[in-house]
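quick one, fold the following:
(chains A, B, C, D and E)
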Amino acid sequence: MCGRFRVARSKELLEAAFSAEDALEEIEWTPRYNVAPAQDILVVRQGSLGKVRRLSLMRWGLIPSWAADPSIAFKMINARAETIAEKTAFKEPFRFRRCLVPADGFYEWRREGKQKLPFCFSLLDESLFAFAGVWERWKGPKGISIESCSILTTASNELMQDVHDRMPVILPQDAYDRWLDPDCVSAPDLQPLLKPYSASAMRRFRVSQRVNHVKNDDAECAAGIDAM
DNA sequence: CCAGACGTTGTT
DNA sequence: GTCTGG
DNA sequence: CCAGACGTTGTT
DNA sequence: GTCTGG
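Residues are numbered from 1 along each chain as shown, chains lettered A, B, ... in the order given. The predicted structure follows:
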């Protein structure tokens, strides 16, 4: 699965990499090394008109539009790619509200007794990539409106197997257009994009247990340590 | 028709 | 809101 | 995901 | 054990 990740890049760099604009120039963003559920994260969406891509901040953990209160989001940080087209909470977001979630690494833990040992997974060249995401808008009382999102998961590849049997869906660049196209509403056209990323294009390394604590959000979280 | 669920992961 | 179960 | 809290009443 | 907060 995916419950913590890294986006250690500036907003300007993300805008350039995804040809996405923060149209209103109102997003405040600093490079992040330890992003956790319920926090605001950057996503890339695309409109029908002119296919313009925009950068937005939204809460990680999807709140279905019909939810009585936002607490359900704690269980909705991921969506299974295999069933996303059928599940009530994700069906509509999957058809009509897909997004990219920029990242440059993610963390997974291996339990050893009482210890939780974190690994960082990234691309071989440490380049930027994108998780497949879906989003939703929730309207609460008093005119409160919250946009939130989930990151899709799939079976893990060989590199991850002994840490976890699930991994986030990483989209290759040539899949961005179709995933973001609001005019594509066909599950059979989309589902093939949702497969485990090539293990040979990724690397993994142990990181400090500092990353376990959400409040630690600095480069040290992503620094490799020798232990395997 | 109404009532009730609607989710994932990991662990047992 | 929408779907499933009864 | 992990860490940390997890309760009520009445009084100040 | 289970839920919430980050």
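
which positions in chain A make contact with DNA strand E?
Applying C-beta under 7 Å from any atom of the strand, one finds that chain A approaches DNA strand E through A:Arg4, A:Ala36, A:Pro37, A:Ala38, A:Gln39, A:Gly61, A:Ser71, A:Phe74, A:Val214, A:Lys215. Just so you know, the C-beta spots here come from the backbone N, C-alpha and C atoms, and that holds for glycine as well.

where does the third one sit: helix, strand or coil?
Translated: A:Pro37. Under DSSP: H, G, I helix; E, B strand; the rest coil, A:Pro37 falls in the coil class.

how about the helices in chain A?
A:11-18, A:88-96, A:176-180, A:187-190 (DSSP state H).

for A:Glu26, find the nearest of those.
Within those, the stretch nearest A:Glu26 is helix A:11-18; the backing value is 10.9 Å (C-beta to C-beta).

returning to what we had before: restricted to buried residues, select the residues of chain A next to DNA strand E in ChimeraX.
Only the buried entries of the residues of chain A next to DNA strand E go into this ChimeraX selection, using 16 or more other C-beta atoms under 10 Å:
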select /A:4,36,37,61
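
closest one to A:Glu15 out of the residues of chain A next to DNA strand E, please.
Nearest to A:Glu15 among the residues of chain A next to DNA strand E: A:Gln39, at 20.1 Å, using C-beta to C-beta.

the helices of chain A into a markdown table, with extra columns for mean neighbour count and distance to A:Ile27?
Written out in a markdown table, the entries for the helices of chain A read as follows (neighbours: other C-beta atoms under 10 Å; distance: least, C-beta to C-beta, whole Å):
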| stretch | mean neighbour count | distance to A:Ile27 |
| --- | --- | --- |
| helix A:11-18 | 16 | 6 |
| helix A:88-96 | 17 | 22 |
| helix A:176-180 | 17 | 18 |
| helix A:187-190 | 13 | 27 |
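
in CSV, list these along with mean pLDDT and distance to A:Ser56.
Output for the helices of chain A, formatted as CSV (pLDDT from 0 to 100; distance: least, C-beta to C-beta, whole Å):
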stretch, mean pLDDT, distance to A:Ser56
helix A:11-18, 97, 11
helix A:88-96, 95, 15
helix A:176-180, 97, 13
helix A:187-190, 94, 21
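
in a markdown table: those, plus distance to A:Ser208.
Formatted as a markdown table, the helices of chain A follow (distance: least, C-beta to C-beta, whole Å):
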| stretch | distance to A:Ser208 |
| --- | --- |
| helix A:11-18 | 25 |
| helix A:88-96 | 34 |
| helix A:176-180 | 33 |
| helix A:187-190 | 38 |
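
how about those, which one is nearest DNA strand B?
Nearest of the helices of chain A to DNA strand B, taken as C-beta to the nearest atom of the strand: helix A:88-96 at 3.6 Å.

ok, which residues in chain A are in contact with DNA strand B?
A:1, A:64, A:66, A:74-76, A:78-80, A:83-84, A:87-90, A:111, A:153, A:164-166.

swap the cut-off to 6 Å and go again
A:1, A:66, A:75-76, A:78-80, A:83, A:87-90, A:111, A:153, A:164-166 (C-beta under 6 Å from any atom of the strand).

list only those of those flagged as buried.
Of these, these count as buried by 16+ other C-beta under 10 Å: A:Met1, A:Met76, A:Asn78, A:Ala79, A:Arg80, A:Ala89, A:Phe90, A:Thr153, A:His164, A:Arg166.

I'd say A:Val185 and A:Arg95 touch.
Yes. With contact defined as C-beta atoms under 8 Å, A:Val185 counts as touching A:Arg95 (4.8 Å).
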